[in-house]
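Trainee: sequence? don't have it. structure:
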Ligand SMILES: [Zn+2]
């Protein structure tokens, strides 16, 4: 067996393997097998005693590497598909819950209706769990169904100013602008994601209104999005009118 000189050895206790040049965590070089543990230990050190949100550059750097490791290990949950670890850390809103558990939410725009996903980083068990997702708007039909109204009653509430709503066209225009900013290719107005299932004049109701109406009634009514099921990516959650 090859003897590795002391100064080139992995910094993990009792490990005599050679440290890899790409596996350094803030001055401590590890072998490939101990790199993730090294990241984890440094991350735990950085968040120890912190309450709420940690904003240090070191935290962000370690978290990115930690999430990278988790995604390599278990693959990305649906709500994080196509995002790089840097994008996850950059766009996510993180809060520490306990010493080895944190929650984060991330807003995504698979269609013109944004969706907020909630996740848990379980450091103890080395898991990244998707907890829930919530569309920011529901259709008139969806709202009617959740509260056992007719669609006509829902439209009457909107016209009477008792229920907040926006036109689909407003959201479609916002989404189009956002996609342009991100240099994603969409063509207006023929892109099916834009014009598809929702007429531009259709009303969409903010999810905050669903919550408000739920509170007016018994709790638990009209709560879509609990669990890990993936929402419809085709934009027809808001379908019909
Ligand atoms: Zn090692």
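Mentor: Thanks, I have it. Source: prediction; values computed, not measured.
Trainee: where's the residue most central in space within the chain, which helix or strand?
Mentor: Of all residues in the chain, the one closest to the mean position by CA atoms, centre = their mean is residue 106, 3.2 Å from it. For residue 106, the host element (DSSP states H and E) is strand 101-108.
Trainee: returning to that earlier point: can you pull up the bridge partners for the residue nearest to the centre of the chain?
Mentor: residue 117 (DSSP bridges).
Trainee: Hmm, residue 119 and it touching each other?
Mentor: Yes: assessed by CB atoms under 8 Å, residue 106 is found in contact with residue 119 at 7.3 Å. To be clear about C-beta, it is placed using only N, CA and C from the backbone, and glycine gets the same treatment.
Trainee: so what's in contact with the two at the same time?
Mentor: 79-80, 92 (CB atoms under 8 Å, 6 or more residues apart in numbering).
Trainee: Export those residues to CSV and append columns for neighbour count, distance to the ion and secondary structure.
Mentor: Formatted as CSV, those follow (neighbours: other CB atoms under 10 Å; distance: CB to the ion, whole Å; DSSP: H, G, I helix; E, B strand; the rest coil):
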residue, neighbour count, distance to the ion, secondary structure
79, 22, 33, helix
80, 21, 29, helix
92, 20, 30, coil
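Trainee: Out of those residues, flag the one nearest to residue 135.
Mentor: Closest to residue 135 out of the shared contacts of residue 106 and residue 119 is residue 79 (12.1 Å), distances taken as CB to CB.
Trainee: how about the nearest residue to the closest one, chain neighbours excluded?
Mentor: Distances taken as CB to CB, 6 or more residues apart in numbering place residue 117 nearest to residue 79, at 3.4 Å, with adjacent residues excluded.
Trainee: Against residue 89, how distant is that neighbour?
Mentor: Separation of residue 117 from residue 89 (CB to CB, to the nearest Å): 15 Å.
Trainee: Pull out the buried positions in the helix or strand that residue 86 is a member of.
Mentor: Per DSSP H and E, residue 86 falls inside helix 85-91. By neighbour count on 16 or more other CB atoms under 10 Å, the buried set for helix 85-91 is 85, 88-89.
Trainee: Beyond that helix, next helix or strand please.
Mentor: Immediately after helix 85-91, counting by DSSP H and E, sits strand 93-98.
Trainee: Can you tell me what sits against that following strand?
Mentor: With CB under 8 Å, 6+ apart, strand 93-98 has contacts from 47, 50-54, 63, 102-106.
Trainee: Swap in 10 Å and give it another go.
Mentor: Around strand 93-98, the neighbours that count as contacts under CB atoms under 10 Å, 6 or more residues apart in numbering are 47-55, 59-60, 63, 88, 102-107, 116, 118-121, 123-124.
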